[in-house]
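**Student:** attaching a predicted model along with its sequence, questions to come.
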Amino acid sequence: MRMIVRDARLYAGDGEVAPGRADVLVEDGRIARVVPYEEPPPGTDGDAGTGPGTDALAEARTDARTRVVDAHGALLAPPFVEPHIHLDTALTAGEPRWNASGTLWEGIACWSERKETLTREDVVDRATEVLRWQAAQGVLHVRTHCDVTDGRLLALDALAEVRDRVRDVIGLQIVAFPQEGIRSFPDGERLMTEAVRRGADVVGAIPHFEDTREDGVESLRFAFALAEREGLRVDAHCDEIDDEQSRFVEVLATLALRSGLRGRATASHTTAMGSYNGAYSYKLQRILARSGISLVCNPFANLGLQGRFDAYPRRRGLTQVKEMLAAGVNVAFGHDDVMDPWNPLGTGSPLQTALTGVYAAQLTGTDEIATAFAMVTDRAARVLGLGEEYGIAEGRPANFVLLPAGSPFDAVRRQVRPRYVVARGRVVAETPYQATRLDWPGEEGEMIDFVRRRDAAAWQRL
Ligand code: 17E
Ligand code: FE2
């Protein structure tokens, strides 16, 4: 199957847009050519697209089976990447009871009760549902945590089945996540090892939940040893607590630095960092930058969960996003929960995550808002280690989204849905351009999409 997307603005990574516009030829599931777009000569049929820069596409264009999409200058970006979600717990909010205190701890207790009633179909159904929502919104790479503190490892087997089934659309990574601890849960170490044997892609941990500081450190050593032995990455829930004495991220970073896992480890949440003093934060920035670890901030969950034990003034309880970005650390935003004991809401939308992250982390500069887009695309792709598999360039898999927006900033602000989602060269989702017709004094039927009228006119032709 062949497809041409013509006259697109190309996302260049880290919130930037490449100069000019391009035509992209897709062939056999890959991006075959990327060439500069040039305006067709005046008086010719625009759709014939005979600008000199498009010569390379001439043959494909004359083939009636080639699907030609005119982007009218819309933003063509690699797909959204979900670096942190819990598909095993998704869509269980209120079962068997609601999290009344709103704390992480009561959420874990609710889930522990729900876990006893899990069946394979139950997990497959809920996980698949949320992945369908994400694919529809252009998320084509997902890293899910999966609770393995369950003697049956039922959710793990179910998610492995889902991973195989969705393979043609979504690349799914499964983290063996010890929700109730590696050292503090009976048989925790064996369950982690067994989860890896059964096909987990990434090794997790939860050091702040372990009974003692020493158990927490030991659990990280165990996770790194297992990951190194099996050639896997590490992604730990780390310091998700409003306790400034929770300092496991320094241990994680140091283990990454000293093991063979430099650049292959991630610390998720790290909310205690929101309570660290300036002197320690400065020291930490240096360790994190040297270690090559990534951080994943999950603004929905942690705006909701943290600070619950504080009187006023109440802490924000988020990791140091702005400071760690400035220190050169790779930071991404994750959705975390979708309608489960830790977050009653959620649609799996990466742009909702990015927008919430902008406010949560005060990334309100124009460049910072563009960076928030990177944090749910290419920065998240670095967390997953997607490498050359990801990005709009010749030879790479044809995975991308066409966004009815002029820039990453605009996409975050207007919360647009992709006009097209393309997975391995196939259009897997289409959303008709949405605008509201407004009758306004002196004018009738103007379409409103929260942009200046001249831009809206272009998107309406998409
Ligand atoms: N489990 C956990 O330990 N922390 C979270 N934020 C979620 C589950 C969602
Ligand atoms: Fe999480």
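**Tutor:** Arrived safely, thanks for sending. Ligands and ions are numbered 1, 2, ... in the order given.
**Student:** for the residue positioned nearest the centre of the chain, what is the enclosing helix or strand?
**Tutor:** Centroid check for the chain by CA atoms, centre = their mean gives Glu82 as the closest residue, at 2.2 Å. According to DSSP states H and E, Glu82 maps onto strand 80-86.
**Student:** if I pick the residue nearest to the centre of the chain, what's in contact with it?
**Tutor:** Contact analysis of Glu82 by CB atoms under 8 Å, 6 or more residues apart in numbering lists Gln134, Val139, His141, Val142, Arg143, Gly334, His335, Gly348, Pro350, Val376, Ala380. In this view, the C-beta of every residue, glycine as well, is placed from N, C-alpha and C.
**Student:** same check on Asp63?
**Tutor:** Here Asp63 is in contact with Arg2 (CB under 8 Å, 6+ apart).
**Student:** quick one: pLDDT of it?
**Tutor:** On pLDDT, Asp63 comes in at 84.
**Student:** likewise for the one 10 residues further on?
**Tutor:** Per-residue confidence (pLDDT) for Gly73: 95.
**Student:** before we move on, back to that, list the buried residues in the strand holding Glu82.
**Tutor:** For strand 80-86, the buried set under the neighbour-count rule, 16 or more other CB atoms under 10 Å, comprises Phe80, Val81, Glu82, Pro83, His84, Ile85, His86.
**Student:** within reach of ligand 1, which of those are there?
**Tutor:** With CB under 6 Å from any ligand atom as the criterion, those include His86 near ligand 1.
**Student:** and of the buried residues of strand 80-86, the nearest to ligand 1?
**Tutor:** His86 (5.1 Å; CB to the nearest ligand atom).
**Student:** next one, pLDDT for that closest one please.
**Tutor:** For His86, the predicted pLDDT is 99.
**Student:** you'd agree His237 is up against His145?
**Tutor:** Yes: with contact defined as CB atoms under 8 Å, His237 reaches His145; the gap is 7.5 Å.
**Student:** which neighbours do these two share?
**Tutor:** Counting by CB under 8 Å, 6+ apart, the residues touching both His237 and His145 are Phe177, Gly204.
**Student:** say whether ligand 1 is contacted by stretch 118-136.
**Tutor:** No: applying CB under 6 Å from any ligand atom, one finds stretch 118-136 separated from ligand 1 by no less than 13.3 Å.
**Student:** what ranges do the helices span in the stretch 301-450 of the chain?
**Tutor:** Per DSSP state H, counting those that start in this stretch, the stretch 301-450 of the chain carries helices over the ranges 321-326, 350-360, 366-374, 378-384, 408-414.
**Student:** and Leu76, what element?
**Tutor:** strand 75-77.
**Student:** which strands and helices lie in contact with that strand?
**Tutor:** In terms of contacts (3 or more CB pairs under 8 Å, 6 or more residues apart in numbering; DSSP states H and E), strand 75-77 is packed against strand 2-13, strand 400-403, helix 408-414.
**Student:** flag every residue of the protein that's near ligand 1.
**Tutor:** Remark: the part of the chain in contact with ligand 1 comprises His86, Leu104, Gln179, Ile206, His237, Glu240, Ala301, Asp336, Asp337, Trp342, using CB under 6 Å from any ligand atom.
**Student:** which residues does the fourth one contact?
**Tutor:** By that I understand Ile206. Phe177, Pro178, Gln179, Gly181, Ile182, Ser219, Ala236, His237, Cys238, Glu240.
**Student:** what's the angle between the strand or helix carrying Val175 and strand 80-86?
**Tutor:** Here Val175, judged by DSSP H and E, is contained in strand 171-177. Orientation check (axes from the mean of the first three to the mean of the last three CA atoms, to 10 degrees): strand 171-177 against strand 80-86 gives 30 degrees.
**Student:** sketch out the low-pLDDT regions of the stretch 1-150 of the chain for me.
**Tutor:** Scanning the stretch 1-150 of the chain for pLDDT under 70 picks out the ranges 43-56.
**Student:** tell me which stretches of it form strands.
**Tutor:** 2-13, 16-17, 22-27, 30-36, 67-70, 75-77, 80-86, 139-147 (DSSP state E, counting those that start in this stretch).
**Student:** off-centre distance for the last one?
**Tutor:** Remark: strand 139-147 is offset 8 Å from the chain centroid, using CA atoms, centre = their mean, to the nearest Å.
**Student:** share the number of residues neighbouring Glu121, please.
**Tutor:** Other residues lying near Glu121 total 9 when counted by other CB atoms under 10 Å.
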